[in-house]
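Peer 1: Quick one, fold the following:
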Amino acid sequence: MNTRDTLKINGAGHLEIGGMDCVALREKFGTPLYVFDEDYIRKMMRVYRDTIAREYGDGLVLYASKAFSCTAIYAIAAEEGIGVDVVSGGELYTAMRAGFPANKICMHGNNKLPSEIAYALECGVGLIAVDGASEADLIEEEAAQRGTVQDVLLRINPGVEAHTHAYIQTAKPDSKFGFSVAEGAAEEMVKRILAKKHLRLKGFHCHIGSQIFERKSFCLAARKCVGFMSEIRQKYGLEADILNLGGGFGIWYSEGDAQAAPETYADYLRALISSLKEECAAHGLKLPRLMIEPGRSIVGEAGITLYTVGEIKEIPGVRKYVAIDGGMFDNPRYCLYQAKYTALLANRAAEPPCERVALAGKCCESGDLIGTDFNLPKAERGDLVAVFSTGAYNYSMASNYNRNLIPPAVLVKDGGAEYIVKPQSFEDLVRNDVVPDRLRRK
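Peer 2: Numbering: from 1, shown residues only. Just a heads-up that it's a prediction; the model follows:
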């Protein structure tokens with residue numbers, strides 16, 4: 001448990017987050033329940049924002065929406081003075097619905113739909129990251145129809161392979177993202193964009209992966225990007241105004257992960273900024289506007305998920321299963337890539353653990369597990385389980401599998417809690433169902 005002022009065990013022996021006793025949260029909102037710590041979210045946004053301002057100067061933090069998207073998170077980002085990146089029409093619509101300033105939005109995606117490109121230009125997004133050859137043509141056509149010039153970044157692949165799970169590496173040679181610098185595809189795209197009248201190439205974007213703890217990969221990516229920027233200036237006379245180095249900073253999930261305080265993430269940025277400054281000086285380049293895109297590290301540890309224990313099944317000599325009222329429909333990450341988590345009994349948080357168990361979901365799937373190796377006190381039906389670091393990619397990836405309801409989300413602060421995502425109902429599940437007339441009972 002990576003404790004902090006707003007995540008601790010209180011005097012009653014219960015887990016407390018944002019000043020709210022988790023037992024009281026269950027009484028008020030039920031389970032399963034996503035819980036987000038507002039103070040931690042704001043603190044992480046400020047760490048990134050203030051470090052760039054203090055150590056670099058011209059820069060912008062873009063919250064990576066894919067980690068967790070809802071209108072409330074965009075409202076917080078707007079208050080903290082940062083930007084956001086979006087990767088779909090739905091994320092963009094949510095940000096606009098929250099009143100987020102469009103000029104501080106960067107639109108991503110490796111296969112943006114024509115309708116999404118049109119919507120992005122209609123909204124007036126500040127930047128679009130080009131990640132496809134034909135996509136540049138689509139943006140050009142849409143901008144020409146509107147009589148505008150759209151600022152774009154080119155997503156490049158610098159060939160830096162971060163040491164994370166294969167599914168969350170995005171800059172290895174075989175990747176659906178970006179254009180390879182080494183193979184010349186990135187330079188060809190520069191020429192293609194520069195030939196267009198309604199696109200303005202402002203700079204470059206790269207993202208080397210997610211859940212990265214070591215700093216060398218970020219620094220190497222910065223150096224390689226600057227080297228490419230220098231080549232482009234020499235050949236085409238274009239000096240990039242913006243360099244977006246993506247996100248990917250790791251967080252604590254379980255034993256073996258670094259237990260970092262928010263201020264520790266400033267060290268990542270300082271190392272990256274130092275490499276960027278040194279490399280720009282070596283190539284005689286002006287310092288570009290620096291953009292980064294943290295998502296997981298802003299909301300990941302800010303979130304926990306609460307469940308109620310149901311059936312308990314022990315297979316002698318094999319395993320003990322503790323079933324919860326959630327599962328892969330609210331957290332599919334274990335099923336997808338065996339993501340590890342830490343849990344405790346929130347209503348008995350001060351008790352020492354005494355057995356290792358699997359947390360099993362309620363879906364009709366053998367693989368519906370939150371994990372297989374949790375160290376807990378002996379659980380009983382009705383106990384309250386808290387799973388940590390579920391703020392990123394849990395609600396975002398949730399589904400209605402088995403027609404289960406996606407849990408609501410609440411924001412906690414100073415001992416209060418409010419919905420930021422309301423509970424679903426059974427009516428919500430069938431709202432878009434249609435029975436053809438020929439199937440209607442006579």
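Peer 1: Now do the SS call for Asn103.
Peer 2: Put simply, Asn103 is helix when judged by DSSP: H, G, I helix; E, B strand; the rest coil.
Peer 1: And for it, nearest residue in space, chain neighbours not counted?
Peer 2: Gly126 (4.3 Å; CB to CB, 6 or more residues apart in numbering). Quick note: C-beta positions are derived from backbone N, CA and C, even for glycine.
Peer 1: Return the distance of Gly99 relative to Ile73.
Peer 2: Using CB to CB, to the nearest Å, Gly99 is found at 13 Å from Ile73.
Peer 1: So for those two, which residue has more residues nearby?
Peer 2: Remark: of Gly99 and Ile73, Ile73 carries more neighbours, 29 against 10, as counted by other CB atoms under 10 Å.
Peer 1: tally of neighbours for the residue nearest to Asn103?
Peer 2: Applying other CB under 10 Å, we find 19 residues neighbouring Gly126.
Peer 1: Could you pull up the residues touching it?
Peer 2: Gly83, Ala102, Asn103, Lys104, Ile105, Cys106, Asp151 (CB atoms under 8 Å, 6 or more residues apart in numbering).
Peer 1: Pull the contacting residues for the second one.
Peer 2: Think Ala102. Neighbouring residues of Ala102 by CB under 8 Å, 6+ apart: Met96, Cys123, Gly124, Val125, Gly126.
Peer 1: So which of those wins on neighbours?
Peer 2: Counting by other CB under 10 Å, top hit in these: Val125 with 23 neighbours.
Peer 1: In its sheet, which strands sit next to the helix or strand of the chain with the lowest mean pLDDT, and in what direction?
Peer 2: Every helix and strand in the chain was compared by mean pLDDT, DSSP states H and E; the lowest is strand 179-180, with a mean of 91. Partners of strand 179-180 in the sheet, by DSSP bridges, are strand 150-157 (parallel).
Peer 1: Just checking the distance from the strand it pairs with to the centre of its chain.
Peer 2: Averaging C-alpha positions (CA atoms, centre = their mean, to the nearest Å) puts strand 150-157 20 Å from its chain's average.
Peer 1: so for that strand, what's the average pLDDT?
Peer 2: Regarding strand 150-157, the rounded mean pLDDT is 97.
Peer 1: ok, residues contacting that strand?
Peer 2: With CB under 8 Å, 6+ apart, strand 150-157 has contacts from 106, 108, 121, 126-131, 136, 139, 142-143, 171, 173, 175, 177-181, 186, 189-190, 193, 198-207, 225, 228, 242, 244.
Peer 1: got the contact list for the helix or strand following the least confident helix or strand of the chain?
Peer 2: Using DSSP states H and E, the helix or strand that follows strand 179-180 in sequence is helix 185-194. The set of residues external to helix 185-194 that reach it, using CB under 8 Å, 6+ apart, is 130, 133, 136, 152, 154, 156-157, 178-181, 199, 201, 228, 231-232, 235-236, 238.
Peer 1: Would you mind listing the buried residues in helix 185-194?
Peer 2: For helix 185-194, a neighbour-count test (16 or more other CB atoms under 10 Å) marks Ala186, Glu187, Met189, Val190, Arg192, Ile193 as buried.
Peer 1: got it, and stretch 145-156?
Peer 2: The neighbour-count check on stretch 145-156 (16+ other CB under 10 Å) flags Gln150, Asp151, Val152, Leu153, Leu154, Arg155, Ile156 as buried.
Peer 1: Check the residues you listed against Gly248 and report the nearest one.
Peer 2: Nearest to Gly248 among these is Arg155, at 14.2 Å by CB to CB.
Peer 1: beta partners of the closest one?
Peer 2: Assessed by DSSP bridges, Arg155 has beta-bridge partners His205.
Peer 1: Walking through the stretch 301-442 of the chain, point out its helices one by one.
Peer 2: Here the stretch 301-442 of the chain has its helices, by DSSP state H, counting those that start in this stretch, at 333-337, 426-430.
Peer 1: closest to Asp414 out of those?
Peer 2: Comparing those by CB to CB, helix 333-337 comes nearest, at 30.0 Å.
Peer 1: from the chain's centre, how far out does the closest one sit?
Peer 2: On CA atoms, centre = their mean, the centre of helix 333-337 falls 16 Å from that of its chain.
Peer 1: List the neighbours of that helix that are in contact with it.
Peer 2: With CB under 8 Å, 6+ apart as the test, helix 333-337 has contacts from 165, 167-168, 328, 339, 341, 365, 367-371, 393-394, 397.
Peer 1: Walk me through the domains of this protein.
Peer 2: With domains defined by automatic domain parsing, the chain comprises 7-31+303-390+393-423, 38-295.
Peer 1: State the mean pLDDT of the shortest one.
Peer 2: It refers to domain 7-31+303-390+393-423. Taken as a whole, domain 7-31+303-390+393-423 has an average pLDDT of 97.
Peer 1: Need the phi and psi values for the residue nearest to Pro332 when sequence neighbours are not counted.
Peer 2: Using CB to CB, 6+ apart and skipping the chain neighbours, the partner closest in space to Pro332 is Met397 (5.3 Å). Per-residue torsions, Met397: phi -100, psi 10 (degrees, to the nearest 10).
Peer 1: Please name the residues that touch Met397.
Peer 2: Counting by CB under 8 Å, 6+ apart, Met397 touches Asn331, Pro332, Arg333, Leu336.
Peer 1: which among those residues end up buried?
Peer 2: Asn331, Pro332, Arg333.
Peer 1: Just name the closest of the residues you listed to Asp58, please.
Peer 2: Closest approach to Asp58 among the buried ones among the contacts of Met397 (CB to CB): Arg333, at 35.9 Å.
Peer 1: sorry, back to before: and the contacts of Gly126, which are buried?
Peer 2: Buried among the contacts of Gly126 (16+ other CB under 10 Å): Gly83, Lys104, Ile105, Cys106, Asp151.
Peer 1: most neighbours per residue, which of the helices of the stretch 301-442 of the chain?
Peer 2: For the helices of the stretch 301-442 of the chain, the largest average neighbour count (mean count of other CB atoms under 10 Å) is found in helix 333-337, namely a mean of 16.
Peer 1: okay, it in PDB with CA atoms only?
Peer 2: Extracted in PDB, the C-alpha atoms of helix 333-337 (Å, rounded to 0.1, in the frame of the first residue of the first chain):
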ATOM      1  CA  ARG A 333      -6.500  -5.600 -17.200                       C
ATOM      2  CA  TYR A 334      -5.600  -8.900 -15.500                       C
ATOM      3  CA  CYS A 335      -7.400 -10.800 -18.300                       C
ATOM      4  CA  LEU A 336      -5.700  -8.800 -21.000                       C
ATOM      5  CA  TYR A 337      -2.100  -8.800 -19.800                       C
END
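Peer 1: Ramachandran angles for the residue minimising distance to the centre of the chain?
Peer 2: Centroid-nearest residue in the chain, with CA atoms, centre = their mean: Ala67, separated by 2.2 Å. Phi and psi for Ala67, reported as degrees, to the nearest 10, are phi -60, psi -40.
Peer 1: Kindly report the same for Ala24.
Peer 2: Dihedral pair for Ala24: phi -70, psi -30, per degrees, to the nearest 10.
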